[in-house]
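J.: Here is the input, now give the coordinates:
(chains A and B)
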Amino acid sequence: MKAKVIVRLKDGVLDPQGQTIQRSLNKMGHEVTELRQGKYFEIEINGMKDESAVRQRVEKIAADVLCNPIIETFEIEDIA
Amino acid sequence: MKFGVVIFPGSNCDHDTHHVLKSVLGQETVFFWHQDTDLQDVDTVILPGGFAYGDYLRSGAIARFSPILESVRQHAQEGKLVVGICNGFQILQEAGLLPGVMLRNAGLRFVCRHVWLRTENNQTPFTNACQEGQVLKIPIAHNEGNFFISKQELAELQENQQIIFRYSDAQGDVIPEANPNGSIDSIAGVMNRQGNVMGMMPHPERASEALLSSEDGRFIFKSMIDTVTRINH
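T.: Residues are numbered from 1 along each chain as shown, chains lettered A, B, ... in the order given. Predicted coordinates:
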């Protein structure tokens, strides 16, 4: 069973990487008005087959380790 | 006084820090491995610079789970001194012992050069050997040194005089051009509310011998030595 987790920067947190990507895309003529960069994780946990157990564990992993709550939020996109 | 320098897998300023404390300043200094939990009665713990665990997820994000961090937290709770330099600062932030978090530098470049720091608070265990507003020449070397914090917490830092160093020009003027990484309020170093845990992005251990073109880092080490010596006598 695989969980997919997205970590996003909160609104208002400077995203220099995203800004640079946006500038580069606009130089290519893409007219991008907003671009924010985040992180994506796919996680499998040994032996866990129950969705709610996986969700609980992955939530803990994301909250404790994958994201820094000062600047980021996380979302479990999918467990399948 | 006795210093302890923590080595994480990926630390690379541990020996420089140890060298300055022991050989240059003549202080008893020991190394700790990140798996250690016994701090051997040191007065001050220093988390040195480097790239602990490779900093792949976020700087300091994995290092803060090292066993020694619980002992460091206890040490801090007892009111003893803890210092994080560069990556050590990031680790203390991730551990919740210091406020804020470091983003990528605004210019997206690793910046390695001497900068000027204005001493914003010289009534601390880390700066009491400095004059009020003294400008120090100390190098930075980082890719994630862009200090970020919420507006409300920034106001608290300002009100409680927890901002110890700001990036300035050589005259001590804090101007945008002197900010090397985009840090909010030009913050280069802060301390916790209790005033015994300090983090700074610049490297005082790289500015403690004349051969290296600045000895200003010694003011910071001397402040701690003076403070602890006063307490112990």
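
J.: ok, A:Ala62 - contacts?
T.: If you count contacts by Cβ atoms under 8 Å, 6 or more residues apart in numbering or on different chains, A:Ala62 has them with A:5, A:7, A:41, A:74, A:76. Quick note: C-beta positions are derived from backbone N, CA and C, even for glycine.

J.: Now, these that are in strands?
T.: Applying DSSP state E to the contacts of A:Ala62, the entries found in strands are A:5, A:7, A:41, A:74, A:76.

J.: those strands in chain A, which residues are they?
T.: Counting by DSSP E, the strands of chain A are A:2-9, A:39-44, A:72-79.

J.: quick check: angle from the first one to strand A:72-79?
T.: Meaning strand A:2-9. Relative orientation of strand A:2-9 versus strand A:72-79 (axes from the mean of the first three to the mean of the last three Cα atoms, to 10 degrees): 160 degrees.

J.: which one among the contacts of A:Ala62 gets closest to A:Arg57?
T.: A:Ile76 (10.6 Å; Cβ to Cβ).

J.: How about the contacts made by the closest one?
T.: A:3-5, A:55, A:58-59, A:62.

J.: now do 10 Å
T.: Counting by Cβ atoms under 10 Å, 6 or more residues apart in numbering or on different chains, A:Ile76 touches A:3-6, A:41, A:43, A:54-55, A:58-59, A:62.

J.: got those residues as a markdown table, with pLDDT columns?
T.: Formatted as a markdown table, the contacts of A:Ile76 follow (pLDDT from 0 to 100):
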| residue | pLDDT |
| --- | --- |
| A:Ala3 | 96 |
| A:Lys4 | 97 |
| A:Val5 | 97 |
| A:Ile6 | 98 |
| A:Phe41 | 97 |
| A:Ile43 | 96 |
| A:Val54 | 94 |
| A:Arg55 | 96 |
| A:Val58 | 96 |
| A:Glu59 | 97 |
| A:Ala62 | 97 |
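
J.: Kindly supply the PyMOL command isolating those of these that are buried.
T.: In PyMOL, this line selects whichever of the contacts of A:Ile76 come out buried by 16 or more other Cβ atoms under 10 Å in any protein chain shown:
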select buried, chain A and resi 3+5+6+41+43+54+58+62
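
J.: which residue sits closest to B:Pro9, ignoring its sequence neighbours?
T.: B:Tyr53 (6.1 Å; Cβ to Cβ, 6 or more residues apart in numbering or on different chains).

J.: Report the two of the contacts of A:Ala62 separated the most.
T.: A:Val7 and A:Ile76 (10.7 Å).

J.: those helices in chain A, which residues are they?
T.: A:16-27, A:51-61 (DSSP state H).

J.: quick one: which of the ones you listed is nearest chain B?
T.: Ranking those by proximity to chain B (Cβ to the nearest Cβ) places helix A:16-27 first, at 5.2 Å.

J.: contacting residues around the closest one?
T.: For helix A:16-27, using Cβ under 10 Å, 6+ apart, the contacting residues are A:9, A:15, A:30-38, B:103-108, B:146, B:181-182.

J.: Just the buried ones from those?
T.: A:9, A:15, A:35, B:103-106, B:146, B:181-182.

J.: what number of residues lie near B:His34?
T.: By other Cβ atoms under 10 Å in any protein chain shown, 20 other residues sit near B:His34.

J.: which residue packs closest to B:Ser168, ignoring adjacent ones?
T.: B:Ser168 sits nearest to B:Arg118 (Cβ to Cβ, 6+ apart), 4.0 Å away.

J.: Thanks a lot, see you next time.
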